[in-house]
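Participant: pasting the structure only:
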C-alpha cells in the first residue's frame, strides 16, 4: 500500500506561483508514474500533469501547458507541481496520484492510477 501526502496549496493572487509537493511512502516510488489531477467545485476531477517512471518524460494538459511543470525527486520520494501564472480558473483541490503499472503510457485518466492523496486546496483570486 502506498500513501501519498500533498502539501503546498494555499491562497494566491492571479499571476502568482505555488509549488505543490507530494511525498510517497514505500521504497518503490521510482517505479511509479506520478500524476496530478484537480477538481473544482461542481466539476469532475481532471488531469493536470504526469511524469513517467522510466525516463522522466512529462505530459501536461493543454490548459496548464507552459505554466505548470511537473518534476520528481526519487531520492526524496517526492513529486512536485510548479504552478506559475496562476489564474482564477486554476482554483481547485489538487490531488497527487501514483500508477504502479510500469507501462510506457503516461496515464491521463483517473482509472489508470492506483493510489491517491487526500488533496490540497489551491485558491487563486483576481
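Facilitator: Structure received. What you are looking at is a predicted structure, and each value in this text was computed from that prediction instead of being measured. Residues are numbered from 1 along each chain as shown.
Participant: can you map out the strands along the protein?
Facilitator: In the chain, the strands defined using DSSP state E lie at 4-7, 10-13, 18-24, 33-39, 46-51, 58-60, 68-73, 78-83, 92-99, 115-116, 120-125.
Participant: Can you tell me which of the ones you listed is most buried?
Facilitator: Greatest average neighbour count among those goes to strand 33-39 (a mean of 25), per mean count of other Cβ atoms under 10 Å. All C-beta spots, glycine's among them, are computed from the backbone N, C-alpha and C.
Participant: Tell me, what's the model's pLDDT at the residue nearest to residue 124 when sequence neighbours are not counted?
Facilitator: Nearest residue to residue 124, sequence neighbours excluded (Cβ to Cβ, 6 or more residues apart in numbering): residue 86, at 4.6 Å. Per-residue confidence (pLDDT) for residue 86: 98.
Participant: ok, now which ones touch residue 86?
Facilitator: 12, 14-18, 67, 122, 124 (Cβ atoms under 8 Å, 6 or more residues apart in numbering).
Participant: can you put the residues you listed in TSV and add distance to residue 34 and pLDDT?
Facilitator: Below are those laid out as TSV (distance: Cβ to Cβ, whole Å; pLDDT from 0 to 100):
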residue	distance to residue 34	pLDDT
12	23	98
14	27	98
15	27	98
16	24	98
17	20	98
18	18	98
67	19	98
122	18	98
124	23	98
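Participant: Pull the most distant pair out of the residues you listed.
Facilitator: 15 and 122 (14.0 Å; Cβ to Cβ).
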